[in-house]
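# Dropping the sequence and predicted coords here.
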Amino acid sequence: MKLKKADTAFSKWVRRRDSFDGVCLCPLCTDMALWQDFTCGHYIKRRHLNTRWYPDNAFAICAKCNTEMEWNTYLLHRYGLWIAAKIGPDRWGALMAKRLSKEKYMQHEINEIEKEYNDYLKLMG
């Protein structure tokens, strides 16, 4: 399956969504930078397609923290606590339930995800 275009559109949308006047604040280290210099940090790893493009699973974080979360379970735990506080218990519960689902995607569905997030980006200007 081809995922890159959907990933790119989703990542841009997340980073733009989480920026204020084009600037993002890392929720873990509080570094600030332009949205283009931030990354899209997934709490549940991208290999799980059912949450890969789920808005409550990804937020703009700095590249250093996003990379460090790969091996630093304490940082990943802090990120999860931050997300849970940000989205609230109902949406956190939905995210935790969604991670257990076994959704399958066809290429045309992934193409629709790409189109959806590109459309959102157009609306953002």
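Received, thanks.
# quick one, helices of this protein?
Secondary structure of the chain, counting by DSSP state H: helices at 4-17, 49-52, 63-68, 73-100, 107-124.
# Now the longest one: average pLDDT?
Average pLDDT, helix 73-100: 97.
# do the third one as well
The average of the pLDDT scores along helix 63-68 is 98.
# Just the buried positions in that helix, please.
By neighbour count, with 16 or more other Cβ atoms under 10 Å as the criterion, the buried positions of helix 63-68 are 65-66, 68. All C-beta spots, glycine's among them, are computed from the backbone N, C-alpha and C.
# For it, name the packing helices and strands.
strand 39-42, helix 73-100 (3 or more Cβ pairs under 8 Å, 6 or more residues apart in numbering; DSSP states H and E).
# what's the offset of that helix from the middle of its chain?
The chain centroid and the centroid of helix 63-68 are separated by 13 Å under Cα atoms, centre = their mean, to the nearest Å.
# What of the first one?
Relative to its parent chain, helix 4-17 has a centroid offset of 8 Å by Cα atoms, centre = their mean.
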